[in-house]
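> Need coordinates for the following:
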Amino acid sequence: MISCRVLGPVEVTVDGAAAPAELLWRKHLALLLYLARSPKRARTREHLTGLLWPEATDTAARHSLNEALRVLRRSAGEEAFDTSGGQVRLSADTVRLDADQLEGWIASENWDALGVAITGEFLEGFSVVGSDGLDDWLMNERRYWNGRAATALLGWTNALLSEGRADEALAVARRAQALEPRSESAVRAAMTCHAVQGDPGAALAEGDRFAKSLADEVGGAPSEETRALIARILGGRGPRPETAPPRGEETGRRRAPLVGRGAELGRLLTVWERCCDGGGAAAVVLTGDGGTGKTRLLAEFSTRAALTGATVALVRAVPGDLENSSSALVGLARGGLLNAPGLAAAPPEALAAFATLLPEWADRFHPRAAAVPLRQALAPVLAAALGEGPLLLVVDDAHWADGESLLALAAALRDLAPLCVCLVLAALPAPPRAEIDELVRRLGGDVPGEAIAVSPLDGTALRQLAAWALPTYDMVALERVCRRVSSDSAGLPFLAVELLSAVASGLDLKEGGAAWPAPMHTLTQSLPGDLPDTVVAALRIGFRRLSPDAQRVLSAAAVLDQPVDEAGLSRATELAAPALQSALDELEWQRWLEVSGRGYGFVADLARQVIARDMLTPGQRARLQARAEVSS
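Below is the predicted model:
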């Protein structure tokens, strides 16, 4: 059996061993590969001599063809070629091309085999001097196989994105772009990877470069699908291209990849895709202890949904919401629901219910009808929003959400059962909330969806994080660091990232130290006073590596009630608007703060408590609070 790798520079083996030199002569190899790719693996003698020996006399060309077949039979066997009837036929089991396996790898999602096989364009660098016909064939084959290989790589890109492996997905998308520089699917995949990584500036720059090259080379413009993706990225909230912090090592902290959450992200995306494919309204209840990364997981999932054209409304509940009726509904109305283009079709009395509470709704709809109760208005407003596309509603820290809102959202799922609306609630597993527990009981029954539990990171995920943060460490050193990080972080992603980033900056994690949390204590009981010294030191290092303005803003956010809006931060910090916005962009990029329609809040409340307790003096805390209160 002759095996040929053709999806890149050609490589040939015979029964697993290196091919003899005479088989690798250009025209001998060209004849073999051409027959392997021909219909029914057969061609006439006249066609082959005219293709490979166009300048030779008929006699000389026939002699050269016979000599080439003699050489090929030496490696393939006497029965490999049938030369009767004026044709040359290659037997089916003589040659195996990796290109012939490509479709099977795609169908079976064998990405590892596919990734090894695709190393460049079809027969990269291969040609036969003086054979224009073969060059034309090579050009057509390359066009076809480059397209198929790029499609396969983009399938792999999507699979990696579905597992939260955006860094790896971007590298694979780049390989697809190298094969098909004008592929809009490839450039959209790269833009999506950047956006999921939290870098919309890089995503937009990718689109700009592609649009310019298209205009310069062929006088064209991106398709409507690509322009729509650009518009969705522009409509999202994130660091602006001109203010996004540089990503070099000199900035210290980098945005960590999403590790150990591939299964959970995949389940979320499966529910969402079924919902959008006609499965009707669905819900997901995501539970996990504080710090296990629910918020980060939701952010990645929400970004994926928004990039496909969905309207995403997100609110993060706070303890005060428990006693504030309909506060979660108001938060969703502020947290993205107003962006739904179809809202104007909602009944006037339903729009009035939101407009009487929210000035931004009143400015847009100028209600004249009498308002109905907010709970009664929810379903008609959501139905109008769904007229223009799918809708994702996310309530983070739903254990703090008011009961009225949770009941209204559950009722809306029932009323909108045939439509593409998905509700995601993220909550602590305890203490129990009757409204959330009731929704969990309905999942899989009258409400399609899933209950997903998020656990601390295991050893494999921590090793992946350590390899990302400490690329120069050998396996022994990484394993030693992972043991200590596992002990001090309890597997909580936020703390693990902080510790590893601090180690990269020089923090010495000495062996030993008591396990944390303490035996028989929950995470909640152990925070923040019982934190290991290494965790506090890591948070301090991360804080000190921020810009001075970002430190100032983060300090104010730590002592003010959560969430806090830009106006409150401006009063407390006395920063001008451009400096404040730049600092907020930095803090979002570095995953200290997140923004919603209600304002800014800490990604991890643990960080807020440590900064307020250990990074500020009582006088500093008092002055920040006084400036915010007096100026208001």
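> What ranges does the stretch 501-632 of the chain have for its helices?
523-526, 533-544, 548-559, 566-573, 577-589, 605-610, 618-631 (DSSP state H, counting those that start in this stretch).
> next one: phi and psi at L392?
As for L392, its main-chain torsions (degrees, to the nearest 10) stand at phi -120, psi 120.
> what's near enough to touch it?
The contact partners of L392, by C-beta atoms under 8 Å, 6 or more residues apart in numbering, come to W272, S302, A305, A306, A310, T311, V312, A313, V421, C422, V424. C-beta here means a position set from N, CA and C on the backbone, and glycine is covered the same way.
> which ones are touching the first one?
Residues counted as contacts of W272 (C-beta under 8 Å, 6+ apart) are A282, F301, R304, A305, L392, C422.
> measure it to A282 for me?
Distance, W272 to A282, using C-beta to C-beta, to the nearest Å: 8 Å.
> Next, the contact list for A215, please.
So A215 contacts A221 (C-beta under 8 Å, 6+ apart).
> Let me have the contacts of L392 in a markdown table, extended by pLDDT.
Putting the contacts of L392 into a markdown table (pLDDT from 0 to 100) gives the following:
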| residue | pLDDT |
| --- | --- |
| W272 | 96 |
| S302 | 94 |
| A305 | 93 |
| A306 | 92 |
| A310 | 93 |
| T311 | 93 |
| V312 | 94 |
| A313 | 94 |
| V421 | 95 |
| C422 | 96 |
| V424 | 97 |
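> wait, which of those residues is closest to L499?
Taking C-beta to C-beta as the measure, L499 lies nearest S302 of the contacts of L392, at 27.0 Å.
> secondary structure element for that closest one?
helix 294-307 (DSSP states H and E).
> which residues touch that helix?
161, 164, 166, 192, 195-196, 198, 229, 232-233, 235-236, 258, 261, 264-265, 268-269, 272, 286, 288, 312, 314, 316, 390, 392, 394, 396, 422, 424, 426, 454, 493, 591, 594, 603-604.
> Check stretch 608-626 too.
Here stretch 608-626 makes contact (C-beta under 8 Å, 6+ apart) with 527-528, 531, 535-536, 539-540, 543, 554-560, 562, 572-573, 602.
> Show me the strands in the chain, by range?
With DSSP state E as the criterion, the chain has strands at 2-5, 11-14, 17-18, 42-44, 81-82, 87-90, 95-97, 282-287, 311-316, 391-396, 421-427, 449-453, 593-596, 599-602.
> Which PyMOL command selects the buried ones in the contacts of helix 294-307?
To isolate in PyMOL the members of those that are buried, counting by 16 or more other C-beta atoms under 10 Å, one can use:
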select buried, resi 161+164+166+192+195+196+198+229+232+233+236+258+261+264+265+268+269+272+286+288+312+314+316+390+392+394+396+422+424+426+454+493+591+594+603+604
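> circling back to that earlier point, and for W272 and A282, which residues touch both?
C422.
> ok so, going back, put the alpha carbons of the helix holding S302 into PDB.
Taking C-alpha atoms only, helix 294-307 is exported to PDB below (Å, rounded to 0.1, in the frame of the first residue of the first chain):
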ATOM      1  CA  LYS A 294     -20.700  30.900  37.100                       C
ATOM      2  CA  THR A 295     -20.400  34.600  36.100                       C
ATOM      3  CA  ARG A 296     -17.500  34.000  33.700                       C
ATOM      4  CA  LEU A 297     -19.300  31.000  32.100                       C
ATOM      5  CA  LEU A 298     -22.500  33.100  31.700                       C
ATOM      6  CA  ALA A 299     -20.400  35.900  30.100                       C
ATOM      7  CA  GLU A 300     -19.000  33.600  27.500                       C
ATOM      8  CA  PHE A 301     -22.300  32.000  26.800                       C
ATOM      9  CA  SER A 302     -24.100  35.300  26.500                       C
ATOM     10  CA  THR A 303     -21.400  36.600  24.100                       C
ATOM     11  CA  ARG A 304     -21.900  33.600  21.900                       C
ATOM     12  CA  ALA A 305     -25.700  34.100  21.800                       C
ATOM     13  CA  ALA A 306     -25.300  37.800  21.000                       C
ATOM     14  CA  LEU A 307     -22.900  37.200  18.200                       C
END
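> Give me the below-cutoff pLDDT ranges for this protein.
For the chain, the stretches with pLDDT under 70 are 236-254, 510-530, 630-632.
> domains of it?
2-135, 162-249, 262-453, 459-541, 545-631 (automatic domain parsing).
> Columns distance to W156 on top of the ones you listed, output as TSV?
Putting those into TSV (distance: least, C-beta to C-beta, whole Å) gives the following:
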stretch	distance to W156
domain 2-135	4
domain 162-249	5
domain 262-453	14
domain 459-541	18
domain 545-631	27
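> OK, contacts around G342?
A384, A385, L386, G387, E388, G389.
> Any chance of the backbone angles for it?
Torsion angles, degrees, to the nearest 10, at G342: phi -90, psi 10.
> could you check the distance from it over to G597?
19 Å.
> likewise P563?
If you go by C-beta to C-beta, the gap between P563 and G597 works out to 9 Å.
> Check V603 too.
V603 is 17 Å from G597, by C-beta to C-beta.
> can you list the residues that contact stretch 313-329?
Outside stretch 313-329, the residues touching it (C-beta under 8 Å, 6+ apart) are 295, 298, 302, 331-337, 374-375, 378, 391-402, 404-406, 408-409, 561-563, 594, 596-598, 601.
> Which ChimeraX command selects the buried ones in the residues you listed?
Buried residues within the contacts of stretch 313-329, by 16+ other C-beta under 10 Å, are selected in ChimeraX with:
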select :295,298,302,331,332,333,334,335,336,337,374,375,378,391,392,393,394,395,396,397,398,399,400,401,402,404,405,406,408,409,562,563,594,596,597,598,601
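> Mark which of the contacts of G342 are buried, thanks.
Of the contacts of G342, these count as buried by 16+ other C-beta under 10 Å: A384, A385, L386.
> With adjacent residues omitted, what lies nearest to the second one?
Leaving aside its chain neighbours, A385 sits nearest to A340 (3.5 Å; criterion: C-beta to C-beta, 6 or more residues apart in numbering).
> what does the last one give?
Among residues not flanking L386 along the chain, L419 sits closest, at 4.9 Å (C-beta to C-beta, 6+ apart).
> Then the first one?
Spatial nearest neighbour of A384, chain neighbours left out: A346 (3.7 Å); criterion: C-beta to C-beta, 6+ apart.
> Can you report how many residues lie near that neighbour?
23 (other C-beta atoms under 10 Å).
> my guess is it contacts G387, does it?
No - using C-beta atoms under 8 Å, A346 is not in contact with G387; the gap is 9.2 Å.
> circling back: what sits against the residue nearest to A385?
So A340 contacts T311, A384, A385, L386, E388, G389, L391 (C-beta under 8 Å, 6+ apart).
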